[in-house]
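Asker: below are the sequence and a predicted model; questions follow.
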Amino acid sequence: MRIVRYNYPSYRSVALSRSPWSGLEGEIDRLFQSTLGDFPGVPASGRFPVDLYEDKDNTYVRAELPGIDRADLNVELVDDSLNISATRKTRVGEGEQTVALNRSVSVPDAAVQTEKISAAYENGVLTVTLPKREEAKPRKVTVAVN
């Protein structure tokens with residue numbers, strides 16, 4: 001059998017049928033469609049993003065909640081779940097519009113010292129510190145040579 005003709009695929013032979021920016025445009029449209037009217041950056045579901053990170057001694061939950069008064073924040077640990085709720089109020093004409101925001105993060109009760117949990121709210125950023133129990137902290141294990 002003999003190959004008579006073979007064409008290598010070429011990038012020039014692939015025609016681009018849509019703009020390379022269409023994906024970005026779609027994401028921007030989705031962002032603005034999913035926000036609550038006068039509250040940019042707040043999803044229509046009332047949920048807000050949180051960052052979770054940890055070090056050797058603590059686990060941290062960080063949430064950006066700009067424009068919320070400290071008195072309108074509520075943080076509580078209930079049944080292995082850290083619940084963060086907030087309300088944001090704005091003046092609309094002669095009335096007032098209120099949006100309720102809430103988020104729940106699963107936290108294993110056995111891994112956290114519940115009596116030492118602390119929260120700080122500074123410059124629109126809420127940081128909840130969850131100290132780890134001694135049993136839950138990582139330990140270095142030495143490997144014996146046989």
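Answerer: Nice, thanks for sending it over.
Asker: CA atoms for contacts and neighbours, from now on please.
Answerer: Fine.
Asker: what about the closest residue to A63 other than its chain neighbours, how many neighbours?
Answerer: Leaving out its chain neighbours, the residue that sits closest to A63 by Cα to Cα, 6 or more residues apart in numbering is V50, at 4.7 Å. Residues lying near V50 (other Cα atoms under 10 Å) number 17.
Asker: which ones are touching V50?
Answerer: Applying Cα atoms under 8 Å, 6 or more residues apart in numbering, we find V50 in contact with 61-64.
Asker: 10 Å instead, please
Answerer: 60-65, 103-105, 126-127 (Cα atoms under 10 Å, 6 or more residues apart in numbering).
Asker: swap in K89?
Answerer: 39, 67-69, 72, 96-100.
Asker: mind running it again at 8 Å?
Answerer: Per Cα under 8 Å, 6+ apart, neighbours of K89: 68, 96-99.
Asker: quickly find the element holding it.
Answerer: Following DSSP states H and E, one finds K89 within strand 81-92.
Asker: other SSEs contacting whichever helix or strand comes after that strand?
Answerer: Counting by DSSP H and E, the next helix or strand C-terminal to strand 81-92 is strand 95-106. Applying 3 or more Cα pairs under 8 Å, 6 or more residues apart in numbering; DSSP states H and E, we find strand 95-106 packed against strand 81-92.
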